[in-house]
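1. Sequence and computational prediction follow.
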Amino acid sequence: MVEKSLSEKRIKSTLKTISQCKRELELEIPKEEVEKEFQRILNQFSARAKIQGFRPGKAPKDMVKRMFFSDIRKSLLDSLLPKALGAELKDLNLNPVSTPIIEDLKFEEGHPLCLTTSFEVLPDFKIADYKKISVTKKEISVTEEDVDRSLQVLQQRAAEYIPIEGRGVVDGDYALAEIKGNDLKSKKLLPTEKVLILAGHPDNEKLLNENLKGLKVNEERQFVIIYDADHENKKLAGRSIEYSLKVISIKEKKLPLLNDDFAKGLGEYKDLTDLKEKIRKEILASKDESSKRDMAEQIIAKISDKIDIELPDTLVEKENISLLRQRLAQIPRQELNKDKIEALKKEGRKQAEKNLKDHLVLSKIAEIEGFDVSEEEEDQEIKAIAEANHIPLAQVIDNLNKEGRREELRNTILVKKTVDFLVKQAIIG
């Protein structure tokens, strides 16, 4: 049992360890402190209370107390509980990862205020044998195909779109078109849309590709599409729509030649050979980084598998929600249903548990090794973020401060530091 003062009175507290993560704290605030705060709040209510037959502030306090007791009680609890609970948690060096829940509250005039609250904390655990972990490093190399694929990406980015006149649309053209739809059964008109269409693309409706081909600017063509009942777009499924398609403009995609002039136009490259060599080095560095991540995952998995720890449900659920949002953003809306979402939640929880456990393991190793993040390391990471995203440094700093993500950034750096340490310590086979 721990006793600490609050306004020169004695608070009694009893802390119970329910499990690795769960704690229960019983508090008893002395009656003198409760009465003092009760009277202070009662005086405030008496000064403001509007009671028929009495001028403001002149009504008997007993009457005010009787009429506004529930409000006074709420104000009392709102005033006393956060202060008492916060003081005890600080004194006991406890940092809840969940909002403390009051499970039992006893309040009577003339008696101490007693409550029981429960909350979760990070588990305390021991860790050993995290050095000299045996891992397998993947063999890495850069092929000509790798370099060619990267060159093609650069070529596509440098493509020009040339306006076309005097001919109709051919496959591969980009046609800006106006499309009007009319439901043949309900006679309901669909909203007119202006869309950019890559002619002949296999993802387009077959009839759209057929009717778009050959159309010149300002020419118009009508056609009907009968959609299957199980069409992926539920709004169109089972409907027969008559479309009116009008071409507004046509552009042809023109790729630059992959030669020395192309290389020089991208920056400080002597020729195409120089560009290829730079690409080769970048791919090699990327593959090497990927290999390090793979080794790090092997190391963390081997360490985590040997440790049995309880995970706070609050943090697991928070991570699960974050993962679910990411996955939902990647799935077309029409493919989502209740079963799919439930499956994602179940799958996500397993990943959330793994992510959280790995993070706790890395944090523990960083604590044991005494790792910290210097201001210089933090500044370097911020500069790297700015350069990678082509954003002004001042804007990145401003965003981090506004969003309160400085601590998150420091944690990220600390994790990287710890992972690099583990890889250096590992036995690579």
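-> Alright, I've got the coordinates.
2. so Arg23, which of the three states?
-> The local conformation at Arg23, judged by DSSP: H, G, I helix; E, B strand; the rest coil, is strand.
3. so what's it up against?
-> Contacts for Arg23 (C-beta atoms under 8 Å, 6 or more residues apart in numbering) come out as Leu15, Lys16, Thr17, Leu94, Pro96, Ser118, Phe119, Glu120, Val121. Backbone N, C-alpha and C define where each C-beta goes, glycine included.
4. State the distance from the last one to Glu24.
-> Meaning Val121. As judged by C-beta to C-beta, to the nearest Å, Val121 and Glu24 stand 11 Å apart.
5. For the most centrally placed residue in the chain, what is the enclosing helix or strand?
-> The centroid of the chain falls nearest to Ser322 when counting by C-alpha atoms, centre = their mean (4.7 Å). Using DSSP states H and E, Ser322 falls within helix 313-330.
6. I'd like to know which elements whichever strand in the chain runs longest is packed against.
-> For the chain, the longest strand by residue count, based on DSSP state E, is strand 240-254. When contacts are defined as 3 or more C-beta pairs under 8 Å, 6 or more residues apart in numbering; DSSP states H and E, strand 240-254 sits against strand 160-163, strand 174-183, helix 206-212, strand 220-226.
7. With distance to Lys106 as extra columns, can I get these in TSV?
-> Listed next are those as TSV, based on distance: least, C-beta to C-beta, whole Å:
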stretch	distance to Lys106
strand 160-163	75
strand 174-183	67
helix 206-212	72
strand 220-226	71
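8. Quick check: which of the ones you listed is nearest to Leu76?
-> Judged by C-beta to C-beta, the one of the helices and strands packed on strand 240-254 that comes nearest to Leu76 is strand 174-183, at 64.4 Å.
9. Now do that closest one: everything it contacts.
-> Residues outside strand 174-183 that contact it (C-beta under 8 Å, 6+ apart) are 161, 169, 188-190, 192-199, 212, 215, 239-253.
10. Mean confidence (pLDDT) on that strand, please.
-> For strand 174-183, the mean pLDDT works out to 95.
11. before we move on, what about stretch 227-243?
-> In this model, stretch 227-243 has a mean pLDDT of 88.
12. Quick check: buried residues in it?
-> Burial within stretch 227-243, assessed by neighbour count using 16 or more other C-beta atoms under 10 Å, is assigned to Tyr227, Leu236, Arg239, Ile241, Tyr243.
13. just curious, which of these is nearest to His111?
-> Using C-beta to C-beta, these come closest to His111 at Leu236, 69.2 Å.
14. residues contacting that closest one?
-> Applying C-beta under 8 Å, 6+ apart to Leu236 gives the contacts Tyr227.
15. measure it to Lys180 for me?
-> Relative to Lys180, Leu236 is positioned 15 Å away (C-beta to C-beta).
16. where exactly do the strands run in this protein?
-> Listed in chain order, the strands found in the chain under DSSP E are 2-6, 9-17, 22-29, 101-106, 113-120, 134-135, 160-163, 174-183, 189-198, 220-226, 240-254, 427-428.
17. among the ones you listed, which gets the worst mean confidence?
-> Averaging pLDDT over each of the strands of the chain puts strand 2-6 lowest, since it has a mean of 43.
18. What is the burial count for the residue nearest to Glu319 when sequence neighbours are not counted?
-> Leaving aside its sequence neighbours, Glu319 sits nearest to Ala352 (C-beta to C-beta, 6 or more residues apart in numbering; 3.9 Å). Neighbours of Ala352 under the rule other C-beta atoms under 10 Å: 22.
19. likewise Ile283?
-> 18.
20. Please verify my assumption that it contacts Ser141.
-> No: Ile283 lies out of contact with Ser141 (C-beta atoms under 8 Å); the separation is 9.6 Å.
21. could you check the angle strand 113-120 makes with the helix holding Ser322?
-> 50 degrees (axes from the mean of the first three to the mean of the last three C-alpha atoms, to 10 degrees).
22. CA atoms only: put helix 313-330 into CSV for me.
-> Backbone C-alpha positions of helix 313-330 (Å, rounded to 0.1, in the frame of the first residue of the first chain) are rendered in CSV as follows:
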residue,chain,number,x,y,z
ASP,A,313,-5.2,-5.1,-26.2
THR,A,314,-5.4,-1.3,-26.6
LEU,A,315,-2.2,-1.1,-28.6
VAL,A,316,-3.0,-4.2,-30.6
GLU,A,317,-6.4,-2.8,-31.6
LYS,A,318,-4.9,0.6,-32.5
GLU,A,319,-2.3,-1.1,-34.8
ASN,A,320,-5.0,-3.3,-36.3
ILE,A,321,-7.2,-0.3,-37.1
SER,A,322,-4.2,1.4,-38.8
LEU,A,323,-3.4,-1.7,-40.9
LEU,A,324,-7.1,-2.1,-41.8
ARG,A,325,-7.3,1.5,-43.0
GLN,A,326,-4.2,1.0,-45.2
ARG,A,327,-5.7,-2.2,-46.7
LEU,A,328,-9.1,-0.8,-47.3
ALA,A,329,-7.6,2.1,-49.2
GLN,A,330,-6.0,-0.4,-51.6
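23. contacts for it?
-> Residues contacting helix 313-330 (C-beta under 8 Å, 6+ apart): 21, 97-98, 120, 336, 341, 344-345, 348-349, 351-353, 355-356.
24. Quick check on these: which are buried?
-> Buried members of the contacts of helix 313-330, counted by 16+ other C-beta under 10 Å: Cys21, Ser98, Glu120, Leu344, Gly348, Arg349, Ala352, Asn355, Leu356.
25. what sits against the third one?
-> For Glu120, the set of contacting residues under the criterion of C-beta under 8 Å, 6+ apart consists of Cys21, Lys22, Arg23, Pro96, Val97, Ser98, Pro312, Asp313, Thr314, Leu315.
26. what about it, distance to Lys90?
-> In this view, Glu120 and Lys90 are 17 Å apart by C-beta to C-beta.
27. So for stretch 369-377, mean pLDDT?
-> In this model, stretch 369-377 has a mean pLDDT of 94.
28. Counting neighbours, which bits of that stretch end up buried?
-> Buried, per 16+ other C-beta under 10 Å, within stretch 369-377: Phe371, Val373.
29. Give me the phi and psi angles of the nearest residue to Tyr227 once chain neighbours are set aside.
-> Nearest residue to Tyr227, sequence neighbours excluded (C-beta to C-beta, 6+ apart): Leu236, at 4.6 Å. Backbone torsions of Leu236, given as degrees, to the nearest 10, read phi -110, psi -20.
30. now this protein, which segments are flagged as low pLDDT?
-> Residue ranges of the chain with pLDDT under 70: 1-9, 334.
31. what residues go with each domain of it?
-> Taking automatic domain parsing as the criterion, the chain consists of the domains 2-120, 160-254, 270-428.
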